[in-house]
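Trainee: A predicted structure for the sequence below; I have some questions about it.
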Amino acid sequence: MAETIHITINGIPVEVKENTVILDAAKKVNVVIPTLCYHQDICVAGNCRVCMVEIAGQKRLAAACATPCEEGMDILTNSLKVRNCRKHIIELLLSEHNADCTKCYKNGKCELQFLASEYKIMTQDFIELNKGNTRTIDNISPSIVKDDSKCIRCQRCVRTCEELQGVNALAVAYKGHEMKISTFYEKSMNDVVCTNCGQCVNRCPTGALVEKNYIEEVWEAISDPGLHVVVQTAPAVRVGLGEELGYAAGNRVTGKMVAALKRLGFDAVLDTDFTADLTIIEEGTELLGRLKKALVDKADVALPMATSCSPGWIKYIEHMYPEYLPNLSTCKSPQQMFGALLKTYYAKARNIDPTKIVSVSVMPCTAKKFEAARAEMHDSGYRDVDFVLTTRELAIMIKQAGIDFVQLEDMEFDRLMGESTGAAVIFGATGGVMEAALRTVYEIVTGREIPFKNLAVLPIRGMEGVKMCTVKIESPLEEWKFLEGVELQCAVAHGLTNAKKAMDSVKDGTASFHFLEVMACPGGCLGGGGQPIPTNAEIRKKRAAAIYAEDMGKPIRKSHENPEVIKIYNDFLGKPLGELSHKLLHTSYQIRERT
Amino acid sequence: MSEQHLLLKRVDFIFVHDDDWEKILQKTIHRPKQELINELISSELKGRGGAGFPTGLKWKLTSEAQGSEKYVICNADEGEPGTFKDREILTRVPYKVLTAMAVCGFIVGAKSGIIYLRGEYKFLEQPLKEAINEFSYYCNKINLDFTIRIFMGSGAYICGEETALFESLEGKRGEPRNKPPYPSVSGFRNRPTVINNVETLAHTYTIFKYGAKKFYDLGVQYSRGSKLFSVSGDTPKPGIYELELGMSLEDFVDEFGDGDTKAVQVGGASGFLVPRKKFSETAIGYQGKLIGISLPTGGSMMLFNSARSMYNLLDNYLEFFREESCGQCTPCRIGCQQLLAGIKAVKKGERPAPYLDKLLKLSETMQFTAKCGLGQSVANSFASIVENFREEMIY
Amino acid sequence: MELHRRIVELADLHGRTRESLLPILQGVVEQENFLSKRSMAEIARELDLPAAEVYGTATFYSFLEYRKMGKFIIRVCKTISCSMKGKNQIILTIKDMLKLEVGQTTPDGRFSLVETNCLGWCHKAPAMVINHEVFTDLTPEKVRGILGEYMKKEI
């Protein structure tokens, strides 16, 4: 039992458990202490010194984020001394910061700007330290722009990259006035182990790390009457977008999002969920094929098979576990399947010249920008996806267009390639791809629904880092007799640190799964690097709840029952893993350096 | 004034031969641990690195801390400008330090000792290794389970800060940690750790050899014992001197000055500049005002005569900190840059003289808010120089 | 794979944990005078550490040079005592003799000249170190003599 400690904060008595830091104690009595380097998802650093508070009897101030309460502490969060120091700290940060706010992508969304505004820093007495420093911007990566002149050295990005993702593309380098956040040898983010996951972007308090935005390019395409601009939206976008446009976390805004996209002027508003369903058919078939090879042909086949929807995960495995590339499903991600079909199947069906089609996607993800730019992704004969926008960029466009989002009437996705099932929706949450696959695979094999109430495979839902489940195949259909009694072992990991755990257990032989789902971001795509800021465990839980609610509300909840999916096999693709599927929907991977 | 302030007294303990170390070690580890701790506490020895934490208490806390593995670390990252005494100790009487580490290990329950030696003292590594070999041989002989190794620093002032030193030992950037937890509970490898300055350890040898009283009888109230002073600058006799604590700066300058001393920097770049007019009211020691101001110090005493520009002095210090701050916390990283840029701007007339007052306030903020002890003291020299030599900053 | 072998040897000697990193970096600098991009990448691989972490750690420490350095690195103390006692003249003498600026390396790769923070020889200022050898109470004449000896050394 932790001891109870009694303190006062601004005169208000508070009881807290032993080891509670002052910041958390203050929250209990609704006292807000400003922070910058602090972030709930990562460890405490205590380096920005914005959260300094006064403890009666102590000459020095204490960092509220890092100082545990002690019995009898009398804490002041707004004394004159605290205010003066805090203002100094903000002024200092501003003096080192390229405070060209009106020209900054994060203008209006910057935590440093908020603080400057809150404390009414009206003059800049200190000397500008950043003057004449021109070589600060790295914009080579298609996903992320890093501008050191805007960096306040809070190290949130470094801690995120290390703790949540285990990638360590970013590290703190040099010391003293030269100290900065750097990649290996200050190479471009594009040329290092960075997976483009954008979790750093999601946590950067300023404009030092932002997504590379393609807003103007998309506006230009929309405005060109000669072009047919199609947009697809990923499942997690609809449960995040609202947060940027006046809703609390956890609100589904699917219908309004579709309406807004139409108002923006897209020629067709379609759904990535359609190809998510398609992915399940292709990937499920691939899994069954591998199982057959292993169990019947006794052939040497790469198991576990790992999902391939998350481009951050793909790049991670290419860098970190290249020997396991054969384990990746060859399926493209839903975004890229969609892109390849748009300029072939859709173009043909709608009789549109594919060169006139502009393929735009809205993703909760920054890595999708990199994925779309991969050389492999031209199987339609053109670049399959031309522009990738994040959820945040879409929100910016909606605001720019003067759309009163909250007042919009719900609308439906267009067809072709707009129909989807509940199984596709849950792609947006960790465990969702696995669950969707199990719903379909189990039924293909046994002819029966998966034996979970409401089709909800609960063991692989939720926010635990690595989740496992075993599905025993009993009395399969004739064709699948070889699976009789097989216990299908499944594992789900989200966040690359957890992916590492799962992969290491595969590598050292302590685990033997058949099927592994990995999403690069915490919580899955709903916690993606392109999602609204801020993010934290509570927000991610709300978004997940919204996703599962959307699933429950769908009339069809199994991918193989999606009528448009059935139609595309009949009309165009032939059969899963068939020749055309193979050409358009599958891809290959490459080994990358580990530096 | 209850106690008369003492004149400068030379004493000679530290550098007295160490060839009785085997006897001292043997004798000491056969005494009850509690008795040794009490002896150390009653000597009132305080850390000689500059911070002045009571050594006996430090060892006591670590001995009481839970943990199967504990460490004794000798901080030989002597980086404060104007300090060079630890090098001399390790050169001339290394066995005192090794013995003290082993005794400390015996008391607190640590079996492993590490000497963190600054990269600038690389030449000391080999002779010290040889001493450690001989020492280990003897420990073996008397069945004392204690090993000592050397860890070389690589040129980073901040690693003298104890938690930064742990980080460095662990193979990381030398960035200070948040406190609490303190090293006695969670230090190197997050295990209970005693970390002492070289000189502090050497003094414990004196105390265990002669008893606490001999040590306690030196110095004045709150500032007991002797201390090594590294004397440099405008002095006819630069070098290392062991003096009783509590002397007045005036007596010090009488002894070491060249007759034209304008100011003395006490405690190195992170210490304070004392102008001539305050010599008589300044004593060298810890808190407890004997006469006017008491200044603690790691032993750096730099004298400046009337030909020296206090602006140049401050410029040099601030440049030092601008480079040697670890850079992680805002007040230290940016504060040092602002102070330096600020005095330059005032000197050039780009900022008005009252800008110095804004900077003085900033120096206070740095003291109140920096993450580590060094960050909290980097602005000391700024404040004391600007307060005492303001006109030199402007004209 | 000369470099690779040497790094493996250093890792065998110091271990392959994070705590081994500084001794190994020091070992490479000892042998090669600086840490090249390749050697840092090799060390990262050998210790299974992120390359950016190795880089970030190395660049924290002044003696772990990450720019190409000469065989003999002359580090002249620039902190207050040495600065007061004629550091500038020492630098000028070295610049003049070796025809290089602070921060540069001679074309033959023999000498690099850098300024450094307090070396701990304030009572014998000005001071410098060449690799690990310490020289104190410097005068221009003395420096010329010292460098003269170093110019004759085999490299």
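Mentor: On my side now, so go ahead. Numbering: from 1, shown residues only, chains lettered A, B, ... in the order given.
Trainee: let me see the domain layout of chain C.
Mentor: For chain C, automatic domain parsing gives the domain ranges C:2-58, C:72-152.
Trainee: ok, the first one near chain A or not?
Mentor: If I follow you right, that is domain C:2-58. Yes: legend: contact between domain C:2-58 and chain A by Cβ under 8 Å from any Cβ of the partner chain is shown at C:37, C:40-41, C:44-45, C:50-57. (Each C-beta comes from the backbone N, C-alpha and C, glycine too.)
Trainee: top of these by neighbour count?
Mentor: Using other Cβ atoms under 10 Å in any protein chain shown as the neighbour test, those are led by C:Ala52, with 31 neighbours.
Trainee: what's the helix or strand for that residue?
Mentor: helix C:51-58 (DSSP states H and E).
Trainee: got a list of contacts for that helix?
Mentor: Helix C:51-58 is contacted by residues A:168-173, A:182-185, A:192-193, A:594-595, B:171-173, C:21-22, C:25, C:35, C:40-41, C:43-44, C:47, C:64, C:66 when judged by Cβ atoms under 8 Å, 6 or more residues apart in numbering or on different chains.
Trainee: what sits against residue 79?
Mentor: If you meant another chain, say so; for now it's chain A. A:Ser79 neighbours (Cβ under 8 Å, 6+ apart): A:Glu54.
Trainee: I was thinking of chain B, sorry if that wasn't clear
Mentor: B:Arg118, B:Glu120, B:Ala156, B:Tyr157, B:Cys159, B:Gly160, B:Glu324, C:Asn117, C:Cys118, C:Gly120.
Trainee: that one - nearest residue in space that isn't next to it in sequence?
Mentor: Spatially, and ignoring its direct neighbours in sequence, B:Gly79 is nearest to B:Tyr157 (4.1 Å; Cβ to Cβ, 6 or more residues apart in numbering or on different chains).
Trainee: quick check on the one you found: phi, psi?
Mentor: In terms of degrees, to the nearest 10, the main-chain angles of B:Tyr157 are phi -50, psi -40.
Trainee: wait, it touches C:Leu119, no?
Mentor: No: B:Tyr157 is beyond contact range of C:Leu119, at 11.6 Å (criterion: Cβ atoms under 8 Å).
Trainee: just to revisit the earlier point, need the domains of chain C in JSON lines with mean pLDDT, can you?
Mentor: Output for the domains of chain C, formatted as JSON lines (pLDDT from 0 to 100):
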{"stretch": "domain C:2-58", "mean pLDDT": "96"}
{"stretch": "domain C:72-152", "mean pLDDT": "97"}
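Trainee: Serialize these to a markdown table and add fields for distance to A:Ile317.
Mentor: What follows is the domains of chain C, written out as a markdown table (distance: least, Cβ to Cβ, whole Å):
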| stretch | distance to A:Ile317 |
| --- | --- |
| domain C:2-58 | 16 |
| domain C:72-152 | 42 |
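Trainee: closest one to B:Phe272 among those?
Mentor: Minimum separation from B:Phe272 across these (Cβ to Cβ) falls at domain C:72-152, 14.3 Å.
Trainee: report the contact partners of B:Phe166.
Mentor: B:Ile73, B:Arg177, B:Pro183, B:Gly187, B:Phe188, B:Arg189, B:Thr193, B:Ile195.
Trainee: between the residues you listed, which is nearest chain C?
Mentor: B:Arg189 (8.5 Å; Cβ to the nearest Cβ).
Trainee: so what's that closest one closest to, chain neighbours aside?
Mentor: B:Glu170 (6.8 Å).
Trainee: I'd say that neighbour and C:Ser20 touch.
Mentor: No: with contact defined as Cβ under 8 Å, B:Glu170 does not count as touching C:Ser20 (10.5 Å).
Trainee: single out the residue in the stretch 251-400 of chain A that lies closest to chain C.
Mentor: A:Met320 (10.1 Å).
Trainee: so how far is A:Pro235 from that residue?
Mentor: 27 Å (Cβ to Cβ, to the nearest Å).
Trainee: which one's more surrounded, these two?
Mentor: Taking other Cβ under 10 Å, A:Met320 and A:Pro235 do not tie; A:Pro235 has more neighbours (27 against 18).
Trainee: alpha carbons of the helix holding C:Ala52, as CSV, please.
Mentor: Taking only C-alpha atoms (Å, rounded to 0.1, in the frame of the first residue of the first chain), the coordinates of helix C:51-58 have been written out as CSV:
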residue,chain,number,x,y,z
ALA,C,51,23.5,4.7,-35.0
ALA,C,52,22.0,8.0,-34.1
GLU,C,53,22.5,7.3,-30.4
VAL,C,54,26.2,6.5,-31.1
TYR,C,55,26.5,9.7,-33.0
GLY,C,56,24.6,11.7,-30.3
THR,C,57,26.8,10.3,-27.6
ALA,C,58,30.1,10.8,-29.4
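Trainee: which helix or strand lies directly C-terminal to that helix?
Mentor: The element immediately downstream of helix C:51-58 (helix or strand, assigned by DSSP H and E) is strand C:72-77.
Trainee: C-terminal to that following strand, what's the next element?
Mentor: Moving toward the C-terminus from strand C:72-77, the next element (DSSP H and E) is helix C:80-84.
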